[in-house]
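Participant: Structure of the sequence below:
(2 chains)
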Amino acid sequence: VTAYLDSAATTLQKPPGVARAVGAAVGSLASPGRGGHRPAMLAADVAFDCRQAAAELFHVHDPEKVIFTLNATHALNLAIKSLVKPGDTVVVSGYEHNAVTRPLHALGCQIKVAGGPLFDPMATLAAFDRAVTAEVAAVVCTHVSNVFGFILPVRELAALCRQRGVPLILDAAQSAGAVPVHMDELGCAYIGMPGHKGLYGPQGTGLLLCGEGQTPRPLLEGGTGSLSAQSEMPDFLPDRLEAGTHNMPGIAGLLEGIRYVRSRGEEKILRHEQALAAQCAAGLGSLPGVTVYAGPAGTQAGVVSFTVRGKDCEEIGDWLGRQGIAVRAGLHCAPLAHGSAGTLQSGTVRASFSDFNRPAEVSRLVSAVARAVS
Amino acid sequence: MVIQMVYYLIVCRSLTYAQRTEKALHRAGISAHILRSPKSIDSEGCSHSVKVSERSLAAALSVLARADLSPKRIFVTYGDGSYQEVGL
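Facilitator: Okay, the predicted model is just below:
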């Protein structure tokens, strides 16, 4: 049996209702908005229920501002390309994923990195304070580092952005479902997230939450089932950003995943994952030659990176895989984060947890690493 | 004898908006359901409408105003296939 400790990539263990909903959707849900018949209207109901459940979980006033996307990368591209023009200056944290930095590079932006040491939210905030100046078009910040689990001070950052009138895009790829995300309080321009990680939906799902007063630009144009006689995309949400047929099996599964998170509670999930991370950090940290990237209480979510002296991180990851322990090694599509932590050359091995992991799986990882270093 | 039912169609800007409209009316105890807008009243292409009975329209509009939901247009039909726009 595999100990699956790679939930920062995708959660593998899902609530049982997710697979049931996906399977049922394949044979029963047609395309919302593309017909008045029962299978189309059933699909419309599921899509609406999913938007509504997400709106309630993330405190978005209006379910029309909840957009279905393919993943967090798609959502972040929509957000960035709606707010940022070629050549604009954009401030990012030192822990961004390529889903943020590559679109900014593609736009030819001036990227200012508000860098700070790992697990030091005050230093990160001070760096943003210095970097967010009048010429800045937008701030893009990850909520939780996908490499180190560092929880960035987004509430304070959002207040800073509001005060200076600079729109904030929040990358909630690692936080959604595990750390409370409150659109209403944060006042973000956009929040992007995957459906297949902490929300326990299937791969191929994601969400973009649109803030008040935003007029996003579509990445795709096409049929929406609305205003069909018009050549341009509708100017209203969600249709403006949802060209083409919806991933109804995915959305049906995502709805069940969100229901699970709401019934369990994000705070409870976070405490569980943090306890596993603390167990992991303590266990690995006691091994000779192992460096663990662990933060003070409250600064780290359920993600732990480590390196082993004299061993290539990919070799360790591969060896653990052969022991039936699934982790991820390398740069985790986040070279900026590794640069900030000083691990760009070595990479790290990352263990990441979900609500379905148990302490015995962490013990198994620690024992396996102990054998690897002995 | 054929009874010709009078009902109203509240045309909405999107399917999601129609769903919000329908749910607001249901919460207020008003019977309503979504259908695709008849082509004859939809010059811009496809849209969705929420159907309410003649006697429910005034209450429905009051509920929608309180919920900050704005109908795009409203049509009345007498069940004979013709539709007349009602001034908002």
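Participant: could you show me where the strands are in chain B, in order?
Facilitator: B:7-12, B:33-36, B:48-53, B:73-77, B:83-86 (DSSP state E).
Participant: Most proximal residue of the stretch 51-200 of chain A with respect to chain B?
Facilitator: A:Glu64 (5.0 Å; Cβ to the nearest Cβ). (Each C-beta comes from the backbone N, C-alpha and C, glycine too.)
Participant: didn't A:Arg155 look like it was pressed against A:Leu186?
Facilitator: Yes - proximity of A:Arg155 to A:Leu186 meets the contact threshold set by Cβ atoms under 8 Å, at 6.8 Å.
Participant: who's more crowded, the two?
Facilitator: Shown here are A:Arg155 and A:Leu186; by other Cβ atoms under 10 Å in any protein chain shown, A:Leu186 has more neighbours (23 against 12).
Participant: My read is that that one contacts A:Glu156, right?
Facilitator: No - if you go by Cβ under 8 Å, A:Leu186 and A:Glu156 don't touch, sitting 10.4 Å apart.
Participant: does chain A sit close to the longest helix seen in chain B?
Facilitator: Longest helix in chain B by number of residues (criterion: DSSP state H): helix B:15-27. Yes - judged by Cβ under 8 Å from any Cβ of the partner chain, helix B:15-27 comes into contact with chain A at B:15-17, B:19-20.
Participant: who wins for neighbours among these?
Facilitator: Ranking the residues of helix B:15-27 next to chain A using other Cβ under 10 Å puts B:Thr16 first, with 28 neighbours.
Participant: Counting by contacts, list what the longest helix of chain B packs against.
Facilitator: Judged by 3 or more Cβ pairs under 8 Å, 6 or more residues apart in numbering or on different chains; DSSP states H and E, helix B:15-27 is in contact with helix A:38-57, strand B:7-12, strand B:33-36, strand B:48-53, helix B:57-66.
Participant: Could you confirm whether the last one reaches chain A?
Facilitator: No - no part of helix B:57-66 sits near chain A under the criterion Cβ under 8 Å from any Cβ; the closest distance found is 14.4 Å.
Participant: Next one, pLDDT for the closest residue to B:Cys12 other than its chain neighbours please.
Facilitator: Once flanking residues are discounted, B:Cys12 sits nearest to B:Ala18: 3.9 Å by Cβ to Cβ, 6 or more residues apart in numbering or on different chains. Looking at B:Ala18, its pLDDT is 97.
Participant: and if you look at A:Ser374?
Facilitator: Confidence at A:Ser374, expressed as pLDDT, is 87.
Participant: for B:Gly87, same thing?
Facilitator: Reported pLDDT for B:Gly87: 83.
Participant: what's the neighbour count on it?
Facilitator: Number of residues near B:Gly87 (other Cβ under 10 Å) recorded here: 5.
Participant: again with A:Ala337
Facilitator: For A:Ala337, the neighbour count with other Cβ under 10 Å is 26.
Participant: How about the secondary structure of it?
Facilitator: helix (DSSP: H, G, I helix; E, B strand; the rest coil).
Participant: Wait, it touches A:Gly94, no?
Facilitator: Yes - taking Cβ under 8 Å as the definition, A:Ala337 is a contact partner of A:Gly94 at 6.9 Å.
Participant: Quick check: residues of chain A near chain B?
Facilitator: A:32-33, A:35-36, A:41, A:44-45, A:47-48, A:51, A:62-64, A:225-230, A:234, A:236-239.
Participant: just the strands in the stretch 151-300 of chain A please.
Facilitator: Listed in chain order, the strands of the stretch 151-300 of chain A (DSSP state E, counting those that start in this stretch) span A:168-171, A:190-194, A:206-210, A:290-293.
Participant: Which among those strands is found nearest to A:Ser82?
Facilitator: Distance to A:Ser82, taken as Cβ to Cβ, is lowest for strand A:190-194 among the strands of the stretch 151-300 of chain A, at 7.2 Å.
Participant: helices or strands up against the closest one?
Facilitator: By 3+ Cβ pairs under 8 Å, 6+ apart, strand A:190-194 packs against helix A:72-83, strand A:168-171, strand A:206-210.
Participant: wait, which of the ones you listed is closest to A:Pro121?
Facilitator: Proximity to A:Pro121 (Cβ to Cβ) singles out strand A:168-171 among these, at 15.1 Å.
Participant: Which residues does the closest one contact?
Facilitator: Defining contact as Cβ atoms under 8 Å, 6 or more residues apart in numbering or on different chains, one finds that strand A:168-171 is touched by A:72, A:76, A:79-80, A:83, A:96-97, A:99-100, A:138-143, A:154, A:157-158, A:161-162, A:181, A:186-193.
Participant: hmm, back to that, any chance of CSV for the helices and strands packed on strand A:190-194, columns mean pLDDT and distance to A:Tyr200?
Facilitator: Putting the helices and strands packed on strand A:190-194 into CSV (pLDDT from 0 to 100; distance: least, Cβ to Cβ, whole Å) gives the following:
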stretch, mean pLDDT, distance to A:Tyr200
helix A:72-83, 98, 15
strand A:168-171, 98, 19
strand A:206-210, 98, 13
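Participant: Tabulate those (a markdown table), appending mean neighbour count and distance to B:Met5.
Facilitator: Formatted as a markdown table, these follow (neighbours: other Cβ atoms under 10 Å in any protein chain shown; distance: least, Cβ to Cβ, whole Å):
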| stretch | mean neighbour count | distance to B:Met5 |
| --- | --- | --- |
| helix A:72-83 | 25 | 44 |
| strand A:168-171 | 29 | 50 |
| strand A:206-210 | 28 | 40 |
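Participant: per-residue confidence for A:Leu331?
Facilitator: Reading off the model, A:Leu331 has pLDDT 96.
Participant: so what's it up against?
Facilitator: Contacts for A:Leu331 were tallied using Cβ under 8 Å, 6+ apart; they are A:338, A:344, A:347.
Participant: What is the neighbour count of the residue of chain B found nearest chain A?
Facilitator: The minimum distance from chain B to chain A, using Cβ to the nearest Cβ, falls at B:Gly45 (3.0 Å). Using other Cβ under 10 Å, B:Gly45 has 15 other residues around it.
Participant: Ok, A:Arg358 next?
Facilitator: 12.
Participant: From A:Ala370, how far out is it?
Facilitator: To A:Ala370, A:Arg358 is 19 Å away according to Cβ to Cβ, to the nearest Å.
Participant: mind listing what the nearest residue to A:Leu207 once chain neighbours are set aside touches?
Facilitator: Leaving aside its sequence neighbours, A:Leu207 sits nearest to A:Met193 (Cβ to Cβ, 6+ apart; 5.3 Å). Residues near A:Met193 by Cβ under 8 Å, 6+ apart: A:72, A:75, A:171-173, A:175-176, A:181, A:199, A:206-207, A:209.
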